[in-house]
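> Sequence first, predicted coordinates after that:
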Amino acid sequence: MIEKIYKYSITDDKAVERVIMDDNINYIHMVFNKNDGLPEHFSNSNVYMTVLRGVLSIKLDEQETHEYKKGDILQIPFKTKMKVTNLHEDVLELIVVKAPAPSK
């Protein structure tokens, strides 16, 4: 078999799953319930966030919090301060791709 298969959870429970972590990319599956999210941090690579369901509330650098919904894809530059939160009742589900993969 040439291809390699990866799986992520189908869940409504909070999850941060590092599905693919190699030298090329990091591919991360995230699920957040209301008021869950990630602590404020700086992006350690170019980040691409795909909203699979729910509404993403995200604050980047000194901007106001912006909201994105299912089908939106965000590109966030390297070294951007970010705070990711689900401020809504519906479950938030994201795929996050970091490319190139952050160096250790």
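Received it, and whenever you're ready, just let me know what you need. These numbers come from a predicted model, not from an experiment. Numbering: from 1, shown residues only.
> got the contact list for the closest residue to Asp22 other than its chain neighbours?
Leaving aside its sequence neighbours, Asp22 sits nearest to Ala101 (Cβ to Cβ, 6 or more residues apart in numbering; 6.4 Å). Where you see a C-beta, it was placed from the backbone N, CA and C, and this is true even at glycine. By Cβ atoms under 8 Å, 6 or more residues apart in numbering, Ala101 lies in contact with Met21, Asp22, Asp23, Asn24, Ile25, Asn26, Ser45.
> which stretches of the chain have low pLDDT?
Residue ranges of the chain with pLDDT under 70: 104.
> ok, which stretches of it are strands?
All strands of the chain, identified by DSSP state E, fall at 15-21, 26-32, 41-42, 47-53, 55-60, 66-69, 73-76, 81-85, 92-98.
> The second one packs against which elements?
Under the contact criterion of 3 or more Cβ pairs under 8 Å, 6 or more residues apart in numbering; DSSP states H and E, the helices and strands touching strand 26-32 comprise strand 15-21, strand 81-85, strand 92-98.
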